[in-house]
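J.: What follows is a predicted structure for the sequence shown.
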Amino acid sequence: MVLRSIVKVDEELCNGCGVCISPCAEGALALVDGKAKVIRDELCDGAGFCMGLCPVGALSLEIRETESFSEQAVEELKKSAPRHYIAQHCNSCRISEDEAYLLPIKHQGDSQWVCTRCLPRLIHG
Ligand code: SF4
């Protein structure tokens, strides 16, 4: 056990939208009974990339005693369980992440996905 930073889900706030699931490259987050959950602490590296994507602020980082992050556990998970993800769509043109690269952006408190084709229009108008 080590003292380290790890993602925490506020289940009262989580609406189960799934936006945070596929951006977690380690596969640490999953929807369980309609709520996001860190399925195994050793899979979460505590980087917190998911936090900025949650539209309702349900994700945060906490520092607590837990297992160390394990790249080996991540690799084993990837081999044993192919990723099941909820495909996200560009908030502007609706193209799927299966067809285009999407980037997470923030605007006026909202988290959005935007594809690389729509991003220049958002930047330059
Ligand atoms: S993005 Fe936020 S509200 Fe949506 S599933 Fe993840 S924690 Fe829940």
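T.: Arrived safely.
J.: ok, now which ones touch the residue nearest to the spatial centre of the chain?
T.: With distances taken as C-alpha atoms, centre = their mean, the residue of the chain nearest its centroid is residue 20 (2.8 Å). For residue 20, the contact set (C-beta atoms under 8 Å, 6 or more residues apart in numbering) comprises 29, 36, 50, 53, 54, 59. Yep, even glycine has a C-beta here, placed from its N, CA and C like the rest.
J.: Name the residues of the protein found near the ligand, please.
T.: Applying C-beta under 6 Å from any ligand atom, we find that the chain lies next to the ligand at 9, 14-20, 36, 53-54, 56, 58-59.
J.: May I see the PyMOL selection of the buried members of those residues?
T.: PyMOL command restricting the residues of the chain next to the ligand to the buried ones, with burial defined by 16 or more other C-beta atoms under 10 Å:
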select buried, resi 9+14+17+18+19+20+36+53+54+58+59
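J.: which pair in the residues of the chain next to the ligand spans the largest distance?
T.: Pairwise distances across the residues of the chain next to the ligand (C-beta to C-beta) peak at 14.1 Å, for the pair 16 and 53.
J.: Nearest to residue 66 among the residues of the chain next to the ligand?
T.: Nearest to residue 66, judged by C-beta to C-beta, of these is residue 9 at 14.2 Å.
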